[in-house]
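>>> all I have is the shape, not the residue letters:
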């Protein structure tokens, strides 16, 4: 008898609450393709133009991208990947062992919502390309709400396709990215080269001259703040802070055979981010300030450019919705992951209807990383430092606690301190991730020492009372 679709989906095992077995571990190729696909994204057609709008100079852009993306690769390789291959658990189950079920449930809701909004922006970007053949009016920089019924239908169509791939699990996501990534990279590069003559670029020397005078001229558009080398560096480093420093990619890298596969993130950072942000900046200059992703790609590379934007949005939204599904599924483990992912995909698609989500992408990405970063610091300290100072790792699991007060206070206090620096001292959100990590690490060590010692003393008192 043939299995029903639901029973086939039920049989997909993503090891949500157990270590990934050896026979399911993946080779380097899977991660090279996945990172290249995920980070050669439709959103690069938004981020690249925003650097132009914020008046980044050409020297600041190129040097900042080099330094910031190198730091991001090192963060994946040395912070996230070693823990991922040793414990081989999802981020959410690992946090449950440390923080307790109640605390991690709250974190997972926040995490999933952030993932939904991020994936929603990618669905919106893809929709700007899908709508081109149908002459659908695209939202502009100033639009906050859906602009037409055609836009809404397009978004729902794109969201449905992306959610379907995410439902099928990590293996299908990896295959999809491996197929699409090489082609997308070629189109990004080809589109940039195609418009260079329009800008007067005919040689390497003329490229640098035009780059400084017509593309990244250092002058922000009216109403936008001025960005410097430091803005570019810290944004490039922390654009994916939730994934590396925040340990979000424990869920992905748990499939890696070796921790060194964390260096595969270089394909995403240097091919995806560096190349794509530069290319999209060139395309915006050639399009005389047009910033809607689909049209600027179509104007430079024709139908291939539009398809590239569409696929780039898909390959990034797929693993993002997959992660969001895992986050929610860890709260309701009795519900199958595919069902949770389907609901998450619907929420994400609804979010994608609102173009403001795309146009405020730089600020959102920085805030998203900042909110999730303290838990990454907690995981790192709990894994490496806590056992060395005589305390117990995975305290919630060991002590059978549903809420680890030390972790909860660390998360809350870190965010309050960082946001206070932003609101009251004027420190831009791009710069808060680094000091925030050290604040969280220090707080977790100090509070854990006090909290665990107090628990031990209370246990000793109970034992003494019983013996009397």
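Alright, I've got the coordinates. Owing to the predicted nature of the structure, the values given are computational and were not obtained by experimental measurement. Numbers count the residues shown, from 1 in each chain.
>>> where do the helices sit along the stretch 201-350 of the chain?
204-210, 229-238, 250-253, 265-266, 276-286, 293-329, 337-352 (DSSP state H, counting those that start in this stretch).
>>> in the first one, what's buried?
Along helix 204-210, the positions that meet the burial threshold by neighbour count (16 or more other Cβ atoms under 10 Å) are 207, 210. Heads up, the C-betas are built off the backbone N, CA and C, glycines and all.
>>> any idea which element the closest residue to residue 399 other than its chain neighbours lies in?
Spatial nearest neighbour of residue 399, chain neighbours left out: residue 455 (6.5 Å); criterion: Cβ to Cβ, 6 or more residues apart in numbering. Element membership for residue 455 (DSSP states H and E) is helix 433-467.
>>> average pLDDT for that helix?
Per-residue pLDDT over helix 433-467 has a mean of 82.
>>> may I see the buried residues of stretch 119-139?
Within stretch 119-139, judged by 16+ other Cβ under 10 Å, the buried ones are 119-132, 136, 138-139.
>>> for stretch 144-157, same thing?
Under 16+ other Cβ under 10 Å, the buried positions of stretch 144-157 are 147, 150-152, 154-157.
>>> ok, stretch 361-379 next?
Going by 16+ other Cβ under 10 Å, stretch 361-379 has these buried residues: 361-362, 364-379.
>>> for the stretch 101-250 of the chain, which spans come out with low pLDDT?
140-143, 169-178, 181 (pLDDT under 70).
>>> the closest residue to residue 441 other than its chain neighbours and residue 135, how far apart?
Closest residue to residue 441 apart from its sequence neighbours, by Cβ to Cβ, 6+ apart: residue 377 at 4.6 Å. From residue 377 over to residue 135 the distance is 49 Å, taken as Cβ to Cβ, to the nearest Å.
>>> now do residue 299
15 Å.
>>> chain center to stretch 45-57, what's the gap?
In this view, stretch 45-57 has its centroid 19 Å away from the chain centroid, taken as Cα atoms, centre = their mean, to the nearest Å.
>>> list of residues touching that stretch?
Residues outside stretch 45-57 that contact it (Cβ atoms under 8 Å, 6 or more residues apart in numbering): 61, 64, 121, 125, 212, 215-221, 224-228, 231-232, 239, 276-281, 283-285, 291, 293, 296-297, 309, 312, 358-359, 361-362.
>>> of those, select the buried ones using a ChimeraX command.
Command for ChimeraX, covering only those of the contacts of stretch 45-57 found buried under the criterion 16+ other Cβ under 10 Å:
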select :61,64,121,125,215,216,217,218,227,231,232,239,276,277,278,279,280,281,283,284,285,291,293,296,297,309,312,358,359,361,362
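>>> got the contact list for residue 430?
230-231, 234-235, 238, 366.
>>> residue 15: which of those is nearest?
residue 238 (29.1 Å; Cβ to Cβ).
>>> so what's that closest one closest to, chain neighbours aside?
residue 433 (4.5 Å).
>>> how many other residues sit next to the one you found?
Residues contacting residue 433 under the criterion other Cβ atoms under 10 Å number 21.
>>> distance from the chain centre to the host helix or strand of residue 67, please.
Assigned by DSSP H and E, residue 67 falls within helix 58-75. The gap between where helix 58-75 is centred and where its chain is centred comes out at 17 Å by Cα atoms, centre = their mean.
>>> show me what secondary structure element comes after it.
helix 81-87.
>>> what comes up buried for that next one?
Residues 81-85, 87 are the ones in helix 81-87 that count as buried (16+ other Cβ under 10 Å).
>>> go on, stretch 98-107?
Buried residues in stretch 98-107 (16+ other Cβ under 10 Å): 98-101, 103-105, 107.
>>> thanks again, I'm all set now.
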